[in-house]
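In: With the sequence up front, the predicted model follows.
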Amino acid sequence: MQRARHPITFLLKHKLAVFVSIWISLTAVPGLQAQISSQKGWFTVDFDAGCSPLDVRLTNTGVRSGSLFVDFMGDANDRFSNVGFTDTFDPTETLTTTYTSPGTFLIRVVDQSGAGAIADRFDFIEITVLEPVAPVYTVALCNNNRVVLTFDLGQDNYDFYEIDYGDGSAISTLDKTGSSETSYTYTAQGSYTIQVSGKLNAGSDINCGTSPAQVINTIESIPTPEITALTVTDEQTVEISYTALTDNINYNLLLKIESNPFNIVANIDPTLNPTSFSYTLDNPVANTLDLQFQISAVEACGVVQTFSEIIRNVRTSYSANYLNGNEPTITTTWNTGHAATELNAVNFIFDGIPETVATAPSGEFRKVLANCSDVRPYSYEISLNGAVSRSITTLPDYSINGLNPPSTTGLQGRLAGSAVILSYDEAPVPTSEYRIYTSTPAGRQLVGTTANRNFTVNDFDVTDSEVCFVVSYVDDCGFESRFTNEVCFEFSPVLRLPNAFSPNGDTENDTFGVPTGVYPDFQMLIFDRWGKLVFSSNDPDRPWDGFINGQQAPLGSYIYRINYNFTPNSPVSLTGSITLIR
């Protein structure tokens, strides 16, 4: 708080009423006739309320004879304290003090007699100092150059507002005991500066708050919003762009999902969002459902509203495959609810480079990739009459919706003892790994992998009367191809063995063994009639040729024993006799 004595105090304490009255008449201020008296009338103030900084002038009325001590910052809880008195003033003399911060302050005076009851020696007055808050209000435009001002009455402690509409007309007022809204109609369309000041019914409002000037442009008729672009930024968010909105008009964003009606889903503040607005959907459907957007402009008077043209989203999807045998290709689709007559062009944008592909509301477009690792973003953009609708930008993930390489061809197989030797053609696309599977009605089981174009299967499970194989390969990006055709080998636990053979070199029945087939864990033993082992083999492709230790075996009967596993849990053991003749 700044405190200063009235200039008359510093010059001379004149006590002649005639001179004082002359001086007051020369330095009179507005409201001087309405001086506010203290409780006992010993002094008066020109204001007991006002906005900071508040200058308060005290005048000693002379009702209490003699000089008075003055305390400008008295303690309301200790009103009769004898500390805090900093000034004195005589009858008819004035003092001025300045309160620089808001609050309630107690001015105390006490006589200098020291006689009488303490309560009879004090006099008081309370000063209320308000914060100079700028009035808070909004301006909305209506047709025919009308404006509506709406005040936030709870933001300040003023009694009323003075409104200067900036057109040279008389200052208007709005009493805070009534409505928070007032309107005014200009005589002509134009640009005007509105300024509002807070005022008090009693007290000094010289320093009370004045709002920053608001420049408004009145309108004869409410403008029609114009959407320039709709962009799907992700599965749940869209960005709507439009020509610059007019300040002080209410704008709403309307949304229609599929066949549902239009609903207001957001209010667009032209100050915060002058040319674009981001809207988040309740669910991630921006790339799956037909969405229609529209902006409405509503005048503050609530009579007239206008609507923009409708703009719809573009949905897109993709798949990837090898076309023409070995060309990695991405097939993309687009779909929009706009009619063909509304479309100027459909552009496919691949890695930022656009190319016009159609003018239809829906379709597909294929792009041949450089290789299977050619992953670049793509989107669709449809050009309408004066607007653009853009799909979500997609970075393909081929591991989810991936390339499916074509199968290799030419799978063949042959038996070699208890093994199967497979061969196949070279893969149509680059690969470093072929995969070999057994194929059964229950599914496929990986047997092994190789970088070569042939593979030998030595161990496998047999659960049926045949065993089948398929082959796939993995391309350079790790995507597995389709499977080849099956190659199968039949076998049976019942063997049809001859009861005689003639190893005479005529190529007819020269050996004794099992037919061509698959015999896991194979063993064949030949005994002479005395039970001596004369031949053994663990290879079903190595039969007995009728020799013992390099010599022709004697003619006669021999005993054979053949063992192998039909399935892992189904061993087969055959015993019989064979006659050797020549």
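Out: Perfect, thanks for sending it. Numbers count the residues shown, from 1 in each chain.
In: S179 - how many residues pack around it?
Out: S179: 11 surrounding residues under other Cβ atoms under 10 Å. C-beta here means a position set from N, CA and C on the backbone, and glycine is covered the same way.
In: element containing it, please.
Out: Assigned by DSSP states H and E, S179 belongs to no helix or strand.
In: Contacts only, for it.
Out: Under the criterion of Cβ atoms under 8 Å, 6 or more residues apart in numbering, S179 has no neighbours.
In: quick one: T306 and T228, what's the gap?
Out: 16 Å (Cβ to Cβ, to the nearest Å).
In: in the sheet, who's paired with the closest residue to L446 other than its chain neighbours?
Out: Closest residue to L446 apart from its sequence neighbours, by Cβ to Cβ, 6 or more residues apart in numbering: Y437 at 5.5 Å. Note on Y437: beta-bridge partners by DSSP bridges are L446, V470.
In: pLDDT score assigned to Y437?
Out: Y437 carries a pLDDT value of 96.
In: Could you do T27 as well?
Out: Looking at T27, the pLDDT reads 37.
In: same deal with the one 10 residues further on?
Out: In the prediction, the pLDDT value recorded for S37 is 97.
In: separation between it and G203?
Out: With Cβ to Cβ as the criterion, S37 and G203 are 15 Å apart.
In: So if I had to pick from these two, which one is more boxed in?
Out: G203 (22 against 16).
In: Please name the nearest non-neighbouring residue to that one.
Out: Nearest non-adjacent residue to G203, counting by Cβ to Cβ, 6+ apart: A49, 3.3 Å away.
In: Report the contact partners of the one you found.
Out: By Cβ under 8 Å, 6+ apart, the contact list for A49 reads 127-130, 200, 202-204.
In: Closest to H338 out of these?
Out: L130 (58.9 Å; Cβ to Cβ).
In: Need phi/psi at the nearest residue to that closest one once chain neighbours are set aside.
Out: Of all residues not flanking L130 in the chain, C51 sits nearest, at 4.8 Å (Cβ to Cβ, 6+ apart). Dihedral angles of C51 (phi, psi; degrees, to the nearest 10) stand at phi -100, psi 140.
In: Quick check, pLDDT for C51.
Out: 97.
In: Please tell me how far it sits from C208.
Out: Distance of C51 to C208, computed by Cβ to Cβ: 4 Å.
In: One more: Q305?
Out: Going from Q305 to C208 by Cβ to Cβ gives 38 Å.
In: Comparing those two, which shows the higher neighbour count?
Out: Comparing Q305 with C208 by other Cβ under 10 Å, the one with more neighbours is C208, at 25 against 15.
In: That one touches L200, doesn't it?
Out: Yes. C208 is within contact range of L200, at 6.8 Å (criterion: Cβ atoms under 8 Å).
In: Overlap of the contact sets of the two?
Out: Shared contacts of C208 and L200, counting by Cβ under 8 Å, 6+ apart, come down to 50-51, 130, 158.
In: For C468, give me the pLDDT.
Out: What the model reports for C468 is a pLDDT of 91.
In: no wait, A188
Out: A188 is assigned a pLDDT of 96 by the prediction.
In: Show the contacting residues for it.
Out: Counting by Cβ under 8 Å, 6+ apart, A188 makes contact with N145.
In: which residues of the stretch 1-150 of the chain fall in helices?
Out: Secondary structure of the stretch 1-150 of the chain (DSSP state H, counting those that start in this stretch): helices at 7-11, 17-26.
In: how much space is there between the residue nearest to G203 and R390?
Out: Distance from A49 to R390, by Cβ to Cβ: 60 Å.
In: Same check on T233?
Out: 9 Å.
In: So the two - more neighbours on which side?
Out: Taking neighbours as other Cβ under 10 Å, T233 and R390 compare with R390 leading, 20 against 15.
In: Name the residues linked to that one by a beta bridge.
Out: Beta-bridge partners recorded for R390 (DSSP bridges): T231, E381.
In: Hmm, V238 and it touching each other?
Out: No. Taking contacts as Cβ under 8 Å, R390 lies outside contact range of V238: 9.6 Å.
In: Pull up the overlap in contacts between the two.
Out: Both R390 and V238 are in contact with 230-232, where contact means Cβ under 8 Å, 6+ apart.
In: Just give me the residue right at the centre of this protein.
Out: T237 (6.2 Å; Cα atoms, centre = their mean).
In: Grab the nearest non-local neighbour of that one.
Out: Nearest to T237 is T280, by Cβ to Cβ, 6+ apart, at 5.2 Å.
In: same check, this time on T218
Out: N145 (4.1 Å).
In: before we move on, back to that, ranking the helices of the stretch 1-150 of the chain by mean pLDDT, which is last?
Out: Looking at those, the bottom one is helix 7-11 with a mean of 29.
In: residue contacts, T61?
Out: Residues in contact with T61 (Cβ under 8 Å, 6+ apart) are 37, 41-44, 91-92.
In: switch the cut-off to 6 Å
Out: The contact partners of T61, by Cβ atoms under 6 Å, 6 or more residues apart in numbering, come to F43.
In: Check what pLDDT it gets.
Out: T61 is given a pLDDT of 97.
In: if I look at it, how far off is F47?
Out: Applying Cβ to Cβ, the value for T61 to F47 is 16 Å.
In: Same check on L106?
Out: Distance from L106 to F47, by Cβ to Cβ: 15 Å.
In: swap in S557?
Out: Taking Cβ to Cβ as the measure, S557 falls 143 Å from F47.
In: who has more neighbours, the two?
Out: Using other Cβ under 10 Å, the more surrounded residue of S557 and F47 is F47, with 22 against 12.
In: right, and that one touches G203 too?
Out: Yes. Using Cβ atoms under 6 Å, F47 is in contact with G203, at 5.2 Å.
In: in stretch 441-452, what's buried?
Out: Of all the residues in stretch 441-452, those buried under the rule 16 or more other Cβ atoms under 10 Å are V447.
In: What lies in contact with it?
Out: 432-438, 457.
In: Any chance of JSON lines for these, columns neighbour count and distance to D539?
Out: As requested, these are exported to JSON lines (neighbours: other Cβ atoms under 10 Å; distance: Cβ to Cβ, whole Å):
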{"residue": "S432", "neighbour count": "11", "distance to D539": "33"}
{"residue": "E433", "neighbour count": "14", "distance to D539": "30"}
{"residue": "Y434", "neighbour count": "24", "distance to D539": "27"}
{"residue": "R435", "neighbour count": "20", "distance to D539": "28"}
{"residue": "I436", "neighbour count": "23", "distance to D539": "22"}
{"residue": "Y437", "neighbour count": "19", "distance to D539": "26"}
{"residue": "T438", "neighbour count": "20", "distance to D539": "22"}
{"residue": "V457", "neighbour count": "20", "distance to D539": "16"}
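In: Find the pair from those residues with maximum spatial separation.
Out: Maximum pairwise distance in these, criterion Cβ to Cβ, is 22.5 Å, between S432 and T438.
In: Give me the spatial nearest neighbour of D75, chain neighbours excluded.
Out: S81 (6.1 Å).
In: Kindly report the same for I268.
Out: What sits nearest to I268 in space, not counting adjacent residues and going by Cβ to Cβ, 6+ apart, is Y251, at 4.1 Å.
In: Assumed that neighbour was part of a strand.
Out: Yes. Counting by DSSP: H, G, I helix; E, B strand; the rest coil, Y251 is part of a strand.
In: residues contacting it?
Out: Each residue near Y251 by Cβ under 6 Å, 6+ apart is listed here: 245, 268, 295, 297.
In: Now do the first one, the pLDDT please.
Out: Put plainly, it is L245. Model confidence at L245, given as pLDDT, is 95.
In: what do you get for the last one?
Out: Reading off the per-residue confidence, A297 sits at a pLDDT of 94.
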